[in-house]
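Visitor: show me how the following folds:
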Amino acid sequence: MEQEYHKGNQGSFRTLWPEWNERVSRLTIRYIASDGERYQFEKDDYHTEIDLSGHSIMSLSLEPLGHCRRLEKLGLNNNLIEELDFTPLISCSQLRILSVTSNRLTEIDLGPLSQCPNLEALELSHNMLTEIDLSPLSECKNLRWLYASGNRLEHIDLSPLAKVRNLQYLVLSSNRLEDIDLNPLESVKDLRYLHLNNNRLTNVDISVLFGFENLESLTLDPHVVMSANHRLRHQHYFPEPISEMLESVEWQHEQLGRSTS
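Guide: Numbers count the residues shown, from 1 in each chain. Model prediction:
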């Protein structure tokens, strides 16, 4: 027998403006929590923010959000979610912030987010992701924050980010990355934070970072060898994090120069 749904802690919200009552629709998100009980979260689709963080959610469907076209922020942090289908978010073109940190996701399809052109922040840290295809994010031209630390990523292709020129924060700390190509970030001139510490990296070519005037923070493990094109050592300005590490940089000549030396 199907268990009865209980109203979640957040409950429902009745708008304070009577004139809105006839135009506002209700949406109900049902989920199963760690206690095995089924709960429901009710909201007026007039509201732009939905936060279901910290509800011990094990599974839920985002299907009701297909009717929430005003949604700007969705938070599902600190739950126990293992699978999540973003397909309903195709209708949420106003979505700006999507945060699903500290769950148990092992895989994720970001495809539907290509229909969210206003997305500014995507937070996927502290899950169990072994790979992430960033291709859909090439359509998210307003993306500024991308967090995927604390996962199990062994490889990540940053090529799709070449079109995300407003990106400012890229955090990939505490994964299992053995190598990473930063060259696709060349057009991301406003990059400010790049965190790659606590990975399995041994060598990183940071040449592309020399052109980032707004770079504020670059974190790599102390044992990682940083290399760069030898021509860059003569430029007049270095971003502050690069200046601090300059003595540790290994200057590499182009391949032709190495082969004829």
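Visitor: what's the spacing between the residue nearest to Leu105 when sequence neighbours are not counted and Ile57?
Guide: Counting by C-beta to C-beta, 6 or more residues apart in numbering, Leu105 lies nearest to Asn127, which is 4.1 Å off, once chain neighbours are set aside. Where you see a C-beta, it was placed from the backbone N, CA and C, and this is true even at glycine. Distance check for Asn127 against Ile57: by C-beta to C-beta, to the nearest Å, it reads 14 Å.
Visitor: got it, and Glu42?
Guide: Taking C-beta to C-beta, one finds Glu42 at 15 Å from Ile57.
Visitor: which one of those two is surrounded by more residues?
Guide: Ile57 (22 against 16; other C-beta atoms under 10 Å).
Visitor: that one pairs with what?
Guide: Ala33 (DSSP bridges).
Visitor: need phi/psi at Pro136.
Guide: phi -60, psi -20 (degrees, to the nearest 10).
Visitor: what's near enough to touch it?
Guide: Pro136 makes contact with 110-114, 160, according to C-beta atoms under 8 Å, 6 or more residues apart in numbering.
Visitor: cutoff 10 Å now
Guide: Pro136 makes contact with 86, 109-116, 119, 160, according to C-beta atoms under 10 Å, 6 or more residues apart in numbering.
Visitor: before we move on, what about His155?
Guide: Contacts of His155 by C-beta under 10 Å, 6+ apart are 130-132, 175-180.
Visitor: please apply the same query to Leu215.
Guide: 189-194, 209, 238-242.
Visitor: could you point out which residue ranges in the stretch 101-250 of the chain have low pLDDT?
Guide: Nowhere does the stretch 101-250 of the chain drop to pLDDT under 70.
Visitor: so where do the helices sit in it?
Guide: 240-245 (DSSP state H, counting those that start in this stretch).
Visitor: distance check, the closest residue to Pro64 other than its chain neighbours against His223.
Guide: Spatial nearest neighbour of Pro64, excluding adjacent residues (C-beta to C-beta, 6+ apart): Leu27 at 4.3 Å. Separation of Leu27 from His223 (C-beta to C-beta) stands at 50 Å.
Visitor: who's more crowded, these two?
Guide: Leu27 (18 against 7).
Visitor: can you give me the strands in the stretch 51-200 of the chain?
Guide: 57-60, 73-75, 97-99, 121-123, 145-147, 169-171, 193-195 (DSSP state E, counting those that start in this stretch).
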